[in-house]
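A.B. asks: Could you look at this predicted model? Sequence included:
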Amino acid sequence: MNNDLIKIKSEAEGEIRAAKTTADLERVRILYLGREQGKITGILRALKNTSAEERVRVGSFANALRSEVDRLLQQRMAELKKGTMGSALKEEWIDVTRPGARKPKGTIHPITQVRNNVEKIFATMGFSVVEGPEVETEWYNFDALNIPADHPARDMWDTFWLKQPENQKSEILNPKQTQNSKLKTQKLLLRTHTSPVQVRYMEKNNPPIRIIAPGRAYRYEATDASHDFQFNQLEGLMVDKKITIANFKAVMEEFFKRFFSVGTTIRLRPSFFPFVEPGFEIDISCIVCAGHGCSVCKRTGWLELAGAGMVHPNVFKHAGYNPKDVSGFAFGMGLERIAMMKYKIPDIRLFNSGDVRFLKQF
Ligand code: FA5
């Protein structure tokens, strides 16, 4: 009987070690410890037919063997479970070389694209890009541009005035103005056009000047298909000894030819801006409706793209130049307007609508 037990022990140990899956192991458990036909269970059951002495001797060995086999089964089960986890990992492994899920990609806003394009064209004509503040003083936005407080032209630019705490007012004095004017403090506003940059730049630089100044402008006015309360302008300024309207026309024609790259008709209309003399409005035949009339061009067939003119002597004076020594032209162009023409956009309000269906097209 003892020999049988020793043989069973080594068989069980071998089979437990050889079990590759938990199902294999369960079969081994049933083979040795199963209630009905387990080999060790069978030996223990058979003890009742043996002598008391034999029962004690074999019984203790068989019981020890049962415990040992049980322990080995549990140990192997733990090993197999660990292994199963390993294989689960194998099944669910991550392929780090697999291309990721495609994330929707943003595009550059059409106005930024237009601005970049415009800057490139003017750069090839020798213009540099400068910037000015969007929160501007009354002086630079109006007075320095020959628009004094009581001048009716101020009505042309409905203005977002900014509230200023009393204790900050003294910080925005304009040295030139405080010397000459009764006004001791400067009211702040959101600039209504980019023209203040002309004076700011001329104060710090001497001619010859060839600059463009793109940026936002704000007007406190109702919106429609071609007007927004916040829009982008591109200021242009060229100053030297003998700059004429012919230079202005040549620069503008070259710009529009390159920007639209299709044949466009441009017209210069006499107009009034206090900071130029003479002044013009630059219109383009409406590309959206081919000049037939639509909501963008207010049924006129023409869309106003820019104001322009020859820099007024008073502006030169305010910037510290002698108007007898220099001459120059300036213009202020609506970037949304030229974008609308180029891409046939029927409503200016789409630019700031945040509508992805619109933005995706650029
Ligand atoms: C001015 O703002 C002048 N500073 C332009 C100028 C510069 C004249 C230098 C002479 C010399 P105006 O208000 O016309 O002018 O605006 C210029 C351009 O800005 C317009 O032709 C138009 O293209 C654009 N613009 C004006 N108002 C709006 C608006 N509410 N929404 C969108 N674009 C506008």
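C.D. replies: Thanks, I have the structure now.
A.B. asks: where along the stretch 251-362 of the chain do the strands fall?
C.D. replies: In the stretch 251-362 of the chain, the strands defined using DSSP state E, counting those that start in this stretch lie at 266-271, 276-285, 302-311, 327-334.
A.B. asks: could you check the angle strand 302-311 makes with the shortest one?
C.D. replies: To tie it back to what came earlier, the one meant is strand 266-271. Comparing the axes of strand 266-271 and strand 302-311 via axes from the mean of the first three to the mean of the last three Cα atoms, to 10 degrees yields an angle of 60 degrees.
A.B. asks: Number of residues surrounding residue 323?
C.D. replies: Neighbour count of residue 323, defined by other Cβ atoms under 10 Å: 14. (Each C-beta comes from the backbone N, C-alpha and C, glycine too.)
A.B. asks: in this structure, what residue is nearest the ligand?
C.D. replies: residue 334 (2.3 Å; Cβ to the nearest ligand atom).
A.B. asks: mind putting the strands of the stretch 251-362 of the chain in a markdown table, mean neighbour count included?
C.D. replies: What follows is the strands of the stretch 251-362 of the chain, written out as a markdown table (neighbours: other Cβ atoms under 10 Å):
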| stretch | mean neighbour count |
| --- | --- |
| strand 266-271 | 14 |
| strand 276-285 | 19 |
| strand 302-311 | 22 |
| strand 327-334 | 24 |
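A.B. asks: These: which one's closest to residue 144?
C.D. replies: For residue 144, the closest of these is strand 302-311, at 12.0 Å, according to Cβ to Cβ.
A.B. asks: I'd like the next helix or strand past the helix ranked longest in the chain.
C.D. replies: Taking DSSP state H as the criterion, the chain has its longest helix at helix 52-91. Using DSSP states H and E, the helix or strand that follows helix 52-91 in sequence is helix 110-124.
A.B. asks: Show me what counts as buried in that next one.
C.D. replies: 110, 111, 114, 115, 118, 121, 122 (16 or more other Cβ atoms under 10 Å).
A.B. asks: so what's the nearest residue to the third one once chain neighbours are set aside up against?
C.D. replies: The shortest distance from residue 114 to any non-neighbouring residue, by Cβ to Cβ, 6 or more residues apart in numbering, is to residue 339 (4.4 Å). Counting by Cβ atoms under 8 Å, 6 or more residues apart in numbering, residue 339 touches 110, 111, 114, 345, 351.
A.B. asks: Touching, the first one and residue 351? I think so.
C.D. replies: Going back to what we said before, that points to residue 110. Yes. Residue 110 sits in contact with residue 351 when judged by Cβ atoms under 8 Å, with a separation of 6.8 Å.
A.B. asks: which neighbours do these two share?
C.D. replies: By Cβ under 8 Å, 6+ apart, the residues touching both residue 110 and residue 351 are 339, 345.
A.B. asks: Redo the contacts of residue 339 as JSON lines? Include distance to the ligand and pLDDT.
C.D. replies: JSON lines is the format used below for these (distance: Cβ to the nearest ligand atom, whole Å; pLDDT from 0 to 100):
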{"residue": "110", "distance to the ligand": "14", "pLDDT": "96"}
{"residue": "111", "distance to the ligand": "11", "pLDDT": "97"}
{"residue": "114", "distance to the ligand": "12", "pLDDT": "97"}
{"residue": "345", "distance to the ligand": "12", "pLDDT": "91"}
{"residue": "351", "distance to the ligand": "10", "pLDDT": "96"}
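A.B. asks: Format these as a markdown table; extra columns: distance to residue 234.
C.D. replies: Shown next, in a markdown table, are those (distance: Cβ to Cβ, whole Å):
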| residue | distance to residue 234 |
| --- | --- |
| 110 | 15 |
| 111 | 11 |
| 114 | 9 |
| 345 | 17 |
| 351 | 15 |
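A.B. asks: What lies in contact with stretch 146-157?
C.D. replies: Residues from elsewhere that reach stretch 146-157 (Cβ under 8 Å, 6+ apart): 141-143, 192-193, 219, 272-275, 312, 314-315, 318.
A.B. asks: Please name the residues that touch the closest residue to residue 292 other than its chain neighbours.
C.D. replies: Distance criterion Cβ to Cβ, 6+ apart; nearest residue to residue 292, sequence neighbours excluded, is residue 301 at 6.4 Å. Residue 301 is in contact with 285, 286, 289, 291, 292, 293, counting by Cβ under 8 Å, 6+ apart.
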